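> Fold the following, please.
(one chain, ligands or ions: 1)
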Amino acid sequence: MAIHLRTLFWSLIIATAICIVFYGKERFFSTPSCPKANGKILMARDSIIHSAQSMPIESKGFLVETKTNAALKPEQSNKFKKSKYPRRRSYKSCSPIDQILFLKTHKTGGSTITNILNRYGDSNNLTFVLPKQKQLFTFMWPARFRLSYTAPLYNFGANIMCNHARFNKRPMNHLFPKKQSRYITILRDPAAQYESVFNFMHLANPLGFKDEDDPLGTFLKFPPPFQEIRPLMKKTLALHLVRNPMLFDLGLDFRYFQNVTAVERYLHFIENEFDLVMILEYFDESLLLLKRLLCWKMKDILYFKLNERQDKQKRKFMSSEVKEDIKSWNKADFMLYQHFNRTFWRKVRAEGPSFQRELKRFRRQNRALTRACLQQGDFLDEAYTGVYVKGFSLKKNVPEKKKLLCESMMKNEISYVTYFRERMKTRIVSTEEPDEYLDDPLNDWEVASDLEHDPILSGADSSGSGESLTMERPSSSEGEHTNP
Ligand SMILES: Nc1ncnc2c1ncn2[C@@H]1O[C@H](COP(=O)(O)OS(=O)(=O)O)[C@@H](OP(=O)(O)O)[C@H]1O
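Numbering: from 1, shown residues only. Sure, this is the predicted structure:
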């Protein structure tokens, strides 16, 4: 018994000493439950030191999270300020950005991002820049963006633009001033993106390779010169994507496609213009960067993968030779992708270990929402007239409140543009004076008499003769004559 008591006594002394050394004298004495917290605190501190030394490692393109990082809870991490990562602004100190230009490149997952922006803007009552022509859902792509391609904003102020447009700095900066806006775009591995563009847009048809066994492969072996493709582009607009499609969307001219100095300079320019360049292959990481950049909540970036081709339309296998040929044909796009892949991971690393924890949480939430909303199976959605992509079907028992969210997550950009056009009309009607207000029968000041005009019709003679003057109301025709 005596031995037990002595052991207990020394254990307490040692625990107290450790507590004071690692936790600080003042905090120890002001923390009633120090012995209980002791273990956690030690672990948290070690984690911070450890994780600062071993940043997330890029392994085959993915970030690997160390065990020690995972053990660190967010609230504990705040107690230790010596992290090498800059402290992220807390939600309290940053306010959501609501001026966002998303440059929607082709076949890069842009429709999914557009859906996210559409939902955010809708639920926050933001104003969308919409294409002017009612039958159009792009800003006159492939022409470079111009202000005249946009529907009037009626002084509401532009908040979000997220439909296909070809980058053009000046008019875009006018609508979305650089200081208060965020410019974002997304890129995809150029081999996969080019295959998707070529097949989804049926480029082989106008180019005359439709009947080849391997239209894409053969085209890449014998691509016609620009001067032969140019007249075809006028008839088939999608042919503007025939070479370096991502840089075309980002505004680079064909004349620079084979000029390495010009491409490098343009990449530098894009880097200055865009606050975030996302990467489709790291879609979730991209969305998390977006969330942090815009100071959004996790719920704002939940998504379903939209606009995926049906399996039968995808190329099953792409040989390394075809990939190399795509790379050789689209050298400028490969430079673009490589460059922004590097800047992307730099951004991820700068976010520190909390990023990986949040990523796990985000993926969990997205999976849970997908399970709650969607039936399993193959369904189709009409992307545009006569063109079907993979779609979704809602589960029958989704609660009403969640149903609205699930439905909006399935909605493509055409439905949203149509919806926003209507919503804009309603906003204008409810904000503006009715046009024909003079025809309103109530617009007559004689309907009330409290403030009736009561002119002085008799008074002293202003000539000083002392005689009183009485003025008579002229008949209307006389009045007209007496007034000059
Ligand atoms: N979350 C996510 N993860 C991975 N891949 C995704 C995701 N969202 C969209 N996609 C793929 O992006 C392709 C569609 O891109 P876009 O929506 O930009 O196409 S479009 O230009 O608006 O027609 C299309 O690629 P393909 O199926 O190869 O054509 C989609 O499958």
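> Just say helix, strand or coil for M278.
The three-state label given to M278 by DSSP: H, G, I helix; E, B strand; the rest coil is strand.
> For it, give me its contacts.
Applying C-beta atoms under 8 Å, 6 or more residues apart in numbering, we find M278 in contact with 113, 184-187, 286-287, 289-290, 344. All C-beta atoms are positioned from the backbone trio N, CA, C, and that covers glycine.
> would you turn the residues you listed into JSON lines with distance to the ligand, neighbour count and secondary structure?
Shown next, in JSON lines, are the contacts of M278 (distance: C-beta to the nearest ligand atom, whole Å; neighbours: other C-beta atoms under 10 Å; DSSP: H, G, I helix; E, B strand; the rest coil):
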{"residue": "I113", "distance to the ligand": "8", "neighbour count": "25", "secondary structure": "helix"}
{"residue": "I184", "distance to the ligand": "13", "neighbour count": "23", "secondary structure": "strand"}
{"residue": "T185", "distance to the ligand": "11", "neighbour count": "24", "secondary structure": "strand"}
{"residue": "I186", "distance to the ligand": "8", "neighbour count": "23", "secondary structure": "strand"}
{"residue": "L187", "distance to the ligand": "11", "neighbour count": "27", "secondary structure": "strand"}
{"residue": "S286", "distance to the ligand": "9", "neighbour count": "24", "secondary structure": "helix"}
{"residue": "L287", "distance to the ligand": "9", "neighbour count": "23", "secondary structure": "helix"}
{"residue": "L289", "distance to the ligand": "14", "neighbour count": "24", "secondary structure": "helix"}
{"residue": "L290", "distance to the ligand": "13", "neighbour count": "23", "secondary structure": "helix"}
{"residue": "F344", "distance to the ligand": "15", "neighbour count": "21", "secondary structure": "helix"}
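> all strands for the chain, in order.
For the chain, applying DSSP state E gives strands covering 57-59, 62-64, 100-103, 160-161, 182-187, 276-279, 379-384, 387-391, 458-460, 468-470.
> How far does the third one sit from its chain's centre?
Strand 100-103 sits 6 Å away from the centroid of its parent chain (C-alpha atoms, centre = their mean, to the nearest Å).
> same check, this time on the fourth one
Relative to the mean C-alpha coordinate of its chain, strand 160-161 is positioned 8 Å out (C-alpha atoms, centre = their mean).
> In terms of secondary structure, what does it contact?
strand 100-103, helix 110-123 (3 or more C-beta pairs under 8 Å, 6 or more residues apart in numbering; DSSP states H and E).
> contacts for that strand?
Strand 160-161 has contacts (C-beta under 8 Å, 6+ apart) with 98-102, 117-118, 120-121, 126-129, 172, 175-176.
> so which of those residues is the most crowded?
When the contacts of strand 160-161 are compared by neighbour count (other C-beta atoms under 10 Å), L101 ends up highest, at 28 neighbours.
> from the contacts of strand 160-161, which single one is nearest L451?
Among the contacts of strand 160-161, T127 lies closest to L451 (C-beta to C-beta), at 40.0 Å.
> residues contacting that closest one?
Contacts of T127 were listed using C-beta under 8 Å, 6+ apart, and they are 121, 153, 156-160, 424.
> which of those residues count as buried?
121, 158-160, 424 (16 or more other C-beta atoms under 10 Å).
> dump the residue contacts of the residue of the stretch 151-300 of the chain found nearest the ligand.
Of all residues in the stretch 151-300 of the chain, the one sitting closest to the ligand is S196 (3.6 Å; C-beta to the nearest ligand atom). Neighbouring residues of S196 by C-beta under 8 Å, 6+ apart: 107, 188, 309.
> returning to that earlier point: intersect the contacts of strand 160-161 with the contacts of the ligand.
Among the contacts of strand 160-161, no residue is within reach of the ligand (C-beta under 6 Å from any ligand atom).
> Okay, the residue in the stretch 251-400 of the chain positioned nearest to the ligand and T112: tell me how far apart.
Nearest to the ligand in the stretch 251-400 of the chain, going by C-beta to the nearest ligand atom, is E308, at a distance of 3.3 Å. Separation of E308 from T112 (C-beta to C-beta, to the nearest Å) stands at 9 Å.
> Just give the nearest non-adjacent residue to Y120, would you?
Using C-beta to C-beta, 6 or more residues apart in numbering and skipping residues adjacent in sequence, the residue nearest Y120 is D300, 5.3 Å away.
> roughly how far apart are that neighbour and K104?
18 Å.
> Pull the contacting residues for the residue nearest to the spatial centre of the chain.
Nearest to the mean C-alpha position of the chain, by C-alpha atoms, centre = their mean, lies L117 at 4.9 Å. Applying C-beta under 8 Å, 6+ apart to L117 gives the contacts 100, 102, 160, 162.
> Relative to the ligand, how far out is it?
As judged by C-beta to the nearest ligand atom, to the nearest Å, L117 and the ligand stand 13 Å apart.
> do the same with T426
According to C-beta to the nearest ligand atom, T426 and the ligand sit 27 Å apart.
> Pull the number of nearby residues for that residue.
By other C-beta under 10 Å, the residues close to T426 number 9.
> residues near P171, how many?
Neighbourhood size, P171 [other C-beta under 10 Å]: 17.
> go on, D378?
Number of residues near D378 (other C-beta under 10 Å) recorded here: 9.
> cool, and Q258?
Residues within reach of Q258, counting by other C-beta under 10 Å, total 12.
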